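In: coords please:
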Amino acid sequence: MNSGAMKNPASANGGTFRRRPASQAISMSKIVASAYRQRKVLLGIIAAALVLGAFFNFLTPRTYSATASVQLNQQTPRVLPNRDLDPEPAVQDSERFLQTQLDRILSRTMAEAVDARLRASSTPKILDALGFADGGADARREDVVTAIQENVFVELGLNTRLARITFTSRDPAVTADIANAYAEALASSNLVDKSATAAQAEQYLLTEMAEAKAKLQDSERAMLAYARRTDLTTTIVPGQDRGGSLRAQQLGVLTDQMALATSRRIDAQQQWQQVQNTPALALPEVQDNRALQDLVRQKAELEVVKAADGDTYTDKYPGVTSTIAQVEEIDAQISQLAENVKRGYQVRYNSAVQAERQMAGTINQLRGAAMAERERTVDYNALQREVEANRAFYDGLLQRYQEVAAASGLPSENIVVVDRAETPISPSSPDIPKNMALAGMLGLIAAMGVGLLRERSVSLVRTADDAEQALDIPNIGMIPAVSSKQRVDVEMLNPRSPQSEAYYSAAVGLHQIAGNKLPKVVLVTSCTPREGKSTSSIGLARSYAAMRDRVLLIDGDIRRPSLAAMLGARIGPGFADVLAGTASLDAVVQKLDDQRFDLIIAGNADQDPVGLLSSDAVGKSLAALAKDYDVIIIDGPPILGIADPILLAAHAEIAVFVVESGRIETEQLRVAMARMPSNLPTASILTKFVAKEAGVKYGSRGYYQY
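Out: Next up is the predicted model:
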């Protein structure tokens, strides 16, 4: 019969006991319990992984890492105002510039520059640090450069222009030197590139300037030759404010002078016209003339003398006559002087007219010559424009050359070494903590895989849920296991111990399964030996006895009896002897001094157990004993392999199936349970229960809970 065909014991007997619903969830406690069960395997695999990690650390050569920091400035400090020579970089090219510099650091060209700077290919210390055997005696330069290139690492932080150049080798001093050499090589290569660019620009400008200068000289010679051939005065003109030639300038000057001459002639003409009909002595210029004023004063003085002499002498007096002659002479001089002043207006007018006429003639002559010369300057102007264009081109090249030459001499370094690499003190590889952590992690993963495989490969009964699912019968108790320093029989003597409390609970549960009445005959069996069957029989007997029931415990395992030794009973006739008819019931019942229940040991084990248990004496003996006891507990043998427990089950009202937690496989348990009678109410007890292994939590006083 299989377990699926079994009847529910509680329903079959009208009981009220209900089995716990099976939990399908995988809780953390179950995972922890699984890890605890596989702890030896887990710890072994993890320990092996750690040993391998330590061995790897021991065999791995010690390497050292040193880091130098460089600042990558896309724009150098602006010294020249010319944006063509020092253009401002575009914002969108910033990341491209930074990535380009990082790629340059990792390039083979940079590794070759570092090799050349440190002479690494010929330095045994550096070669040994790079991993070349025997100091690199057979190392080629290509291999050394490759080793340098493979051991450099560069990184750029987020939102920063500071790049970290890290180099790794077996020698700390060499590591720092190569890291610094990388930083210096990057900065110097940037300067070399800029210097080469500036030199190329200067050379190009010099070549262009030489060609432009020769072309300018040829055009100037052609222009001057044409001017000499056509008698142009344009080339000897100091300035061009008044025209493009000497004749044009002279014409301009004479034109200005002609205007002045005309103005003077008009002024002279107006003055002459004003004084022409005016008496000479009435002219203001005559009256203001100092010589005329002196003559008038002299005349006045003579008139005074004449008047004085006229009072004394006559007009014929020689003195008077002389005075009169002097007065007349002065009058004549005054008239002559006045006429001369008036005649000066006319002379000035005539002179101005003559000058105007002469200048007009000269201007007419120069105007014709200037017009003729202007016609000849048409071709000259074309030559002159060519000269000016060549001169402007040459001047532009000269100015650009000067700017480039000035820019090439400026400190335009945009890659700056911020931090030089220091000689490392401790090795960077192997990273023992990291490697050991990695080994431990890998070991943990492997251990979890192996543990999971072991868990899945064997299905063991560990909890009450497992037992109920496997047997399809209710579980009435989980008996905690005792530690290695404790004894289960001693713990059961303490009524407050977890084991005693668990058996009290099992006894109550068994009472419920029996229809809320005390079962008369209880058979205790198990799947295999040493699962705690006999201990459970004693525990149930003590529990019922503690409830003031009259309890009899019978050792029904005739083949391998154990209760006598466990309870310290005397050796003598027992249950087998009663069945064989060689002893009476009164003779085999033992009253134990330290127990509240009575005991019948197995008795003579030499007789055939099957023959004894299949006789009618079993039923008769149990019926007789039932008159004196409330509960009879039979400690039967394991069910697998023998027929004894099946024969005893025919006389029991209820059976208790003892299952050792974490030992019995589910399928093995189902096979054993299938041998039990289908009409016999059956319950299970889980013994040697370990909470950590089963994943079941306990309360504060040791009671289990689901």
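In: pLDDT of the helix or strand where residue 350 lies, averaged?
Out: Assigned by DSSP states H and E, residue 350 falls within helix 318-408. For helix 318-408, the mean per-residue pLDDT is 77.
In: cool, and stretch 627-643?
Out: 91.
In: sorry, back to before: which secondary structure elements does the helix holding residue 350 contact?
Out: Counting contacts by 3 or more Cβ pairs under 8 Å, 6 or more residues apart in numbering; DSSP states H and E, helix 318-408 packs against helix 172-229, helix 246-275, helix 284-287, helix 290-310. In short, each C-beta sits where N, CA and C put it, glycine included.
In: am I right that residue 677 sits in a strand?
Out: No - counting by DSSP: H, G, I helix; E, B strand; the rest coil, residue 677 is not found in a strand; it is coil.
In: would you confirm that it contacts residue 646?
Out: Yes - here residue 677 reaches residue 646: they are 7.4 Å apart, a contact under Cβ atoms under 8 Å.
In: higher neighbour count, these two?
Out: Counted by other Cβ atoms under 10 Å, residue 677 and residue 646 do not tie: residue 646 has more neighbours, with 19 against 14.
In: for residue 336, which of the helices and strands packed on helix 318-408 is the nearest?
Out: The closest of the helices and strands packed on helix 318-408 to residue 336 is helix 290-310. By Cβ to Cβ, the value is 10.0 Å.
In: now that closest one: buried residues?
Out: By neighbour count on 16 or more other Cβ atoms under 10 Å, the buried set for helix 290-310 is 292, 295-296, 298-299, 302, 306, 309.
In: got the contact list for it?
Out: The list of residues contacting helix 290-310 from outside it, by Cβ atoms under 8 Å, 6 or more residues apart in numbering, reads 286, 317, 319-320, 323-324, 326-327, 330-331, 333-334, 337-338.
In: which of those residues lies closest to residue 521?
Out: Of all the contacts of helix 290-310, residue 521 sits closest to residue 286, with 185.3 Å by Cβ to Cβ.
In: ok, back up a step: can I get the buried residues of helix 290-310 in TSV including distance to residue 219?
Out: Listed next are the buried residues of helix 290-310 as TSV, based on distance: Cβ to Cβ, whole Å:
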residue	distance to residue 219
292	71
295	75
296	77
298	79
299	81
302	85
306	91
309	95
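In: give me the element residue 98 is part of.
Out: Per DSSP H and E: helix 94-105 holds residue 98.
In: buried residues in that helix, which are they?
Out: For helix 94-105, by 16+ other Cβ under 10 Å, it's 97-98, 101-102, 104-105.
In: how close does residue 128 get to residue 174?
Out: According to Cβ to Cβ, to the nearest Å, residue 128 stands 8 Å off from residue 174.
In: so between those two, which is more surrounded?
Out: Comparing residue 128 with residue 174 by neighbour count (other Cβ under 10 Å), the higher total belongs to residue 174, at 23 against 17.
In: now the more buried one: how far from residue 116?
Out: 16 Å.
In: the residue positioned nearest the centre of the chain in helix, strand or coil?
Out: Centroid-nearest residue in the chain: residue 158, 5.4 Å away (criterion: Cα atoms, centre = their mean). Here residue 158 is recorded as coil under three-state DSSP.
In: so how far is the helix holding residue 98 off the chain centroid?
Out: Distance of helix 94-105 from the chain centroid (Cα atoms, centre = their mean, to the nearest Å) equals 17 Å.
In: ok, and what's touching it?
Out: For helix 94-105, contacts defined as Cβ under 8 Å, 6+ apart pick out 72, 74, 89, 110, 152, 154, 156, 161, 163, 165, 182, 186, 189, 415.
In: 10 Å instead?
Out: Helix 94-105 is contacted by residues 70, 72-75, 89-90, 93, 110-111, 114, 149, 152-156, 160-161, 163, 165, 182-183, 185-186, 189-190, 193, 414-415 when judged by Cβ atoms under 10 Å, 6 or more residues apart in numbering.
In: nearest residue to residue 420 in space, please, no chain neighbours.
Out: Of all residues not flanking residue 420 in the chain, residue 180 sits nearest, at 5.3 Å (Cβ to Cβ, 6 or more residues apart in numbering).
In: whoops, I mixed them up, residue 172
Out: residue 64 is the one closest to residue 172 (Cβ to Cβ, 6+ apart), at 4.2 Å.
In: distance between the helix or strand containing the one you found and the chain's centre?
Out: Element membership for residue 64, per DSSP H and E: strand 64-72. What separates the centre of strand 64-72 from the centre of its chain is 17 Å, taken as Cα atoms, centre = their mean.
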